[in-house]
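Undergrad: Here is the input, now give the coordinates:
(one chain, ligands or ions: 2)
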Amino acid sequence: MRVTVIGTGYLGATHAACMAELGAEVLGVDIDPDRITALSEARVPFYEPGLDEMIRRHVGSGRLSFTTSLRRAAEFGDVHFLCVGTPQRPDSGSADLSYLFSAVDGLAPYLRRTSLIIGKSTVPVGTAARLTERLRRQCGPDVPVEVAWNPEFLQEGTAVENTLDPDRLVFGVSSDFAEQVLRDLYADLIARGVPVVVTDIPTSELIKSSANAFLATKVSFINAVAEVCEAAGADVRKLAEALSLDPRIGHTYLRPGIGFGGGCLPKDLRALRARADELGVGHALRFLGEVDEINLRARERVIELAREECGGSLAGRRVCVLGAAFKPNSDDIRDSPALAVAAALRDLGSEVSVYDPKAADNARKQFPDLDYALSAADAAQGAAVVLHLTEWAEFGELDPAAIGEVVAERRIIDGRNTLDGDRWRAAGWRYRALGRNVPQRLPARLLPSRQPAA
Ligand SMILES: NC(=O)c1ccc[n+]([C@@H]2O[C@H](COP(=O)([O-])OP(=O)(O)OC[C@H]3O[C@@H](n4cnc5c(N)ncnc54)[C@H](O)[C@@H]3O)[C@@H](O)[C@H]2O)c1
Ligand SMILES: O=c1ccn([C@@H]2O[C@H](COP(=O)(O)OP(=O)(O)O[C@H]3O[C@H](CO)[C@@H](O)[C@H](O)[C@H]3O)[C@@H](O)[C@H]2O)c(=O)[nH]1
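TA: Numbers count the residues shown, from 1 in each chain. Ligands and ions are numbered 1, 2, ... in the order given. Here you go, the predicted structure:
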């Protein structure tokens, strides 16, 4: 089958490559000419493990190509995936649908045959109906155009494997024809036993928004409990470990720390709330406002902890920030908790040096006045405190003794709760982590003797 993928960012480029992998002939379309030039030369303009190799292979075989022309897209095939951005509007929590509208408005005049437009972008419930109305108005009665929704659940950092081995496929359809096209496109995955949920379009739109809101709620739940742990002298990491052993709770999205960021969870949470408000049921999801607040508070808590450790003020002190991406194995810095903390510290008068293995170039564009180091050790030079804010595997392998040689003070704050605190303490560091205000165990030699005093 010949399909186009409109929007070739983190979602669209991955989807285009994976559709080619699943046997389709694919044309990727984007309004960004630099992006299209890069992809046409099989260069992926962002970091996503495994994607370059797949794009190289399929561009090389001619099964995957790219264009900026929606006219070419309409000529290429009759199935069009929509993967453009749906960011948060700057003035409210609701989703900005203008990229979707301009994509369908750009495509509609060139559609000549029966066409299926399959939305993959994350949208407020009711968006597909608006797109259908818009398309039908522009295409007229002679060109039957149908919209379906096939929300995407991939995670950045594991996008390729998530697309080729998803937990489930959701088909929001209003006809047997649309369902059959989707079944044909994903035939290999369905044959391998991937569950398919076929439903109406509004339900499919809401499934995606609810999934992200639920994941965000889990993260904020554990971070709220982390605040209680801090006040009570308890250990949220142990607590989460124990909760996870209950299969009803599960072990995912319970990692405490500076909270969720990225181009999805924060904005999707707010967009869902805004849409519920529009539908007159805002009260039902009011708690999501609290989920958001807890999340943003975690960023402040890490700054407070750093300030406390540094004797009450960070002004004029050097601070080393390990991590800029919103999560490891990605160069995506959208709504990154690490960079939000780095920028806030700079505003408080600290000299902030950031190191990230992949996201420094993106971070420099958005925060040009932070310093960017080429290694963790460089970033740590002269630091009064080290903040571990994105849990790249290489940070877990740092040698605390070696880093200890270059810092001004051996203080580390683990904003992700993934470092081995005992290793850092053994090398003379003060190790603190969010939600773990627990007294250190006394070394064995300091324990009171069990022998009665002579
Ligand atoms: N990033 C993810 O992991 C992920 C996963 C699932 C769903 N989503 C959803 O997918 C959508 C895209 O997210 P993303 O992270 O890929 O965003 P992105 O910003 O990386 O990519 C969007 C792309 O769309 C292009 N674009 C904008 N208007 C266009 C138009 N009119 N025609 C053609 N191209 C156009 C942009 O130039 C950009 O390359 C969002 O709705 C997001 O919520 C993202
Ligand atoms: O226990 C956890 C799990 C995650 N996070 C943070 O939560 C954020 C989001 O993580 P993740 O869900 O892995 O990232 P995304 O790649 O943004 O993926 C989410 O957003 C995508 C876009 O909608 C969806 O497709 C995915 O299913 C959904 O997981 C990151 O900042 C993580 O550091 C935590 O703080 N604690």
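Undergrad: Enumerate every residue touching the spatially closest residue to residue 348 that is not a sequence neighbour.
TA: Closest residue to residue 348 apart from its sequence neighbours, by CB to CB, 6 or more residues apart in numbering: residue 314 at 5.4 Å. Any C-beta I mention is one placed from the backbone N, CA and C, and that applies to glycine too. Residue 314 makes contact with 303, 306-307, 345, 348-350, 384-385 under the criterion CB atoms under 8 Å, 6 or more residues apart in numbering.
Undergrad: same thing but 10 Å
TA: By CB atoms under 10 Å, 6 or more residues apart in numbering, the contact set of residue 314 is 303, 306-307, 344-346, 348-352, 384-385.
Undergrad: could you flag which of the residues you listed are buried?
TA: Buried members of the contacts of residue 314, scored by 16 or more other CB atoms under 10 Å, are 303, 306-307, 344-346, 348, 350-352, 384-385.
Undergrad: Return the residues of the protein in contact with ligand 1.
TA: For the chain, the contact set with ligand 1 under CB under 6 Å from any ligand atom comprises 6-12, 29-32, 35, 83-86, 99, 102-103, 106, 121-122, 152, 154, 156, 263-264.
Undergrad: For ChimeraX, what selects the buried ones among these?
TA: Selection command for ChimeraX covering only the buried members of the residues of the chain next to ligand 1, criterion 16+ other CB under 10 Å:
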select :6,7,8,9,10,11,12,29,30,31,35,83,84,85,86,99,103,106,121,122,152,154,156,263,264
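Undergrad: In helices, which of the residues of the chain next to ligand 1 appear?
TA: 10-12, 35, 99, 102-103, 106 (DSSP state H).
Undergrad: Report the entries of those that also contact ligand 2.
TA: Restricting those to those touching ligand 2 (CB under 6 Å from any ligand atom) yields no residues.
Undergrad: quick check, nearest of those to residue 141?
TA: Nearest to residue 141 out of those is residue 106 (CB to CB; 21.1 Å).
Undergrad: tell me the contacts of residue 166?
TA: Applying CB under 10 Å, 6+ apart, the residues contacting residue 166 are 18, 152-154, 186, 189, 194-195.
Undergrad: Widest-spaced pair of the contacts of residue 314?
TA: With CB to CB as the measure, no two of the contacts of residue 314 lie farther apart than 344 and 384, at 16.1 Å.
Undergrad: OK, contacts around the closest residue to ligand 1 within the stretch 251-400 of the chain?
TA: Residue nearest to ligand 1 within the stretch 251-400 of the chain: residue 263 (4.6 Å; CB to the nearest ligand atom). By CB under 10 Å, 6+ apart, residue 263 lies in contact with 9-11, 85-88, 122, 156, 326, 330, 332-336.
Undergrad: Apply 8 Å and report the result again.
TA: 10, 85, 87, 326, 332, 334-335.
Undergrad: which of the residues you listed tops the neighbour count?
TA: residue 326 (28 neighbours; other CB atoms under 10 Å).
Undergrad: I'd say that residue and residue 341 touch.
TA: No: Residue 326 is beyond contact range of residue 341, at 11.9 Å (criterion: CB atoms under 8 Å).
Undergrad: Need the residues touching each of these two.
TA: With contacts defined as CB under 8 Å, 6+ apart, no residue is shared by residue 326 and residue 341.
Undergrad: Local confidence estimate at residue 405?
TA: Residue 405 is assigned 97 on the pLDDT scale.
Undergrad: roughly how far apart are it and residue 377?
TA: With distances taken as CB to CB, to the nearest Å, residue 405 is found 9 Å from residue 377.
Undergrad: Which one of the two is surrounded by more residues?
TA: More crowded of residue 405 and residue 377, by other CB under 10 Å: residue 377, with 17 against 10.
Undergrad: Contacts for the host helix or strand of the more buried one next, please.
TA: Here residue 377 sits within helix 376-380, counting by DSSP states H and E. The contact list for helix 376-380 (CB under 8 Å, 6+ apart) reads 320-322, 353-355, 371, 373, 386, 394-395, 398, 402-403, 406-407.
Undergrad: show me where this protein has strands.
TA: 2-6, 25-29, 64-67, 79-82, 115-119, 145-149, 169-172, 196-199, 318-322, 351-355, 371-372, 385-388, 411-414, 430-433 (DSSP state E).
Undergrad: got a markdown table for these, with mean pLDDT too?
TA: Listed next are those as a markdown table, based on pLDDT from 0 to 100:
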| stretch | mean pLDDT |
| --- | --- |
| strand 2-6 | 98 |
| strand 25-29 | 98 |
| strand 64-67 | 98 |
| strand 79-82 | 98 |
| strand 115-119 | 98 |
| strand 145-149 | 97 |
| strand 169-172 | 98 |
| strand 196-199 | 98 |
| strand 318-322 | 98 |
| strand 351-355 | 98 |
| strand 371-372 | 98 |
| strand 385-388 | 98 |
| strand 411-414 | 97 |
| strand 430-433 | 96 |
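Undergrad: from what I can see residue 234 touches residue 228, true?
TA: Yes: the criterion here is CB under 8 Å, and residue 234 meets it with residue 228 at 7.4 Å.
Undergrad: The two: which has the busier surroundings?
TA: residue 234 (16 against 12).
Undergrad: Just the buried positions in the lengthiest helix in the chain, please.
TA: In the chain, taking DSSP H as the definition, the longest helix is helix 201-232. Neighbour counts over helix 201-232 (16+ other CB under 10 Å) mark 201, 204-209, 211-213, 215-227, 229-230 as buried.
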